[in-house]
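Asks: Give me a 3D structure for the following:
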Amino acid sequence: MQPACAHTRTKVLARRDGVDYVECLDCRQIFEAEDLEPTKTEEEEE
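Replies: Numbering: from 1, shown residues only. From the prediction side, this is the model:
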């Protein structure tokens, strides 16, 4: 079983309606760029 990809190397494929679509250069998965952005935890917000 392969370890999960961290998607550290990406390139932007397209932008539509304000959403960037990116491709991981390692695993070739395509997804929305906002899915990669880290979200703040409750502790960080305080």
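
Asks: confidence score at residue 7?
Replies: Predicted confidence (pLDDT) for residue 7: 86.

Asks: for it, helix, strand, or coil?
Replies: coil (DSSP: H, G, I helix; E, B strand; the rest coil).

Asks: That one touches residue 29, doesn't it?
Replies: Yes - between residue 7 and residue 29 there is a contact under Cβ atoms under 8 Å: 7.2 Å. Glycine gets a C-beta too; all of them are placed from N, C-alpha and C.

Asks: Chain neighbours aside, what residue packs nearest to the residue nearest the centre of the chain?
Replies: Of all residues in the chain, the one closest to the mean position by Cα atoms, centre = their mean is residue 36, 2.6 Å from it. Distances taken as Cβ to Cβ, 6 or more residues apart in numbering place residue 7 nearest to residue 36, at 5.9 Å, with adjacent residues excluded.

Asks: same thing with residue 27?
Replies: Once flanking residues are discounted, residue 27 sits nearest to residue 5: 4.1 Å by Cβ to Cβ, 6+ apart.

Asks: ok, now which ones touch that neighbour?
Replies: If a contact means Cβ atoms under 8 Å, 6 or more residues apart in numbering, then residue 5 has 24, 26, 27, 29 as its contacts.

Asks: just residue 19 next, same as before
Replies: Neighbouring residues of residue 19 by Cβ under 8 Å, 6+ apart: 32, 33, 34.

Asks: Out of those residues, who's the most crowded?
Replies: residue 33 (14 neighbours; other Cβ atoms under 10 Å).

Asks: wait, that one sits on residue 12?
Replies: Yes - counting by Cβ under 8 Å, residue 12 is a contact partner of residue 33 at 7.2 Å.

Asks: returning to that earlier point: so between residue 7 and residue 29, which is more surrounded?
Replies: Set residue 7 next to residue 29 and count neighbours by other Cβ under 10 Å: residue 7 wins out with 16 against 11.

Asks: mind pulling up the phi and psi values for the more buried one?
Replies: phi 50, psi 50 (degrees, to the nearest 10).

Asks: That's all I had, so thanks and see you.
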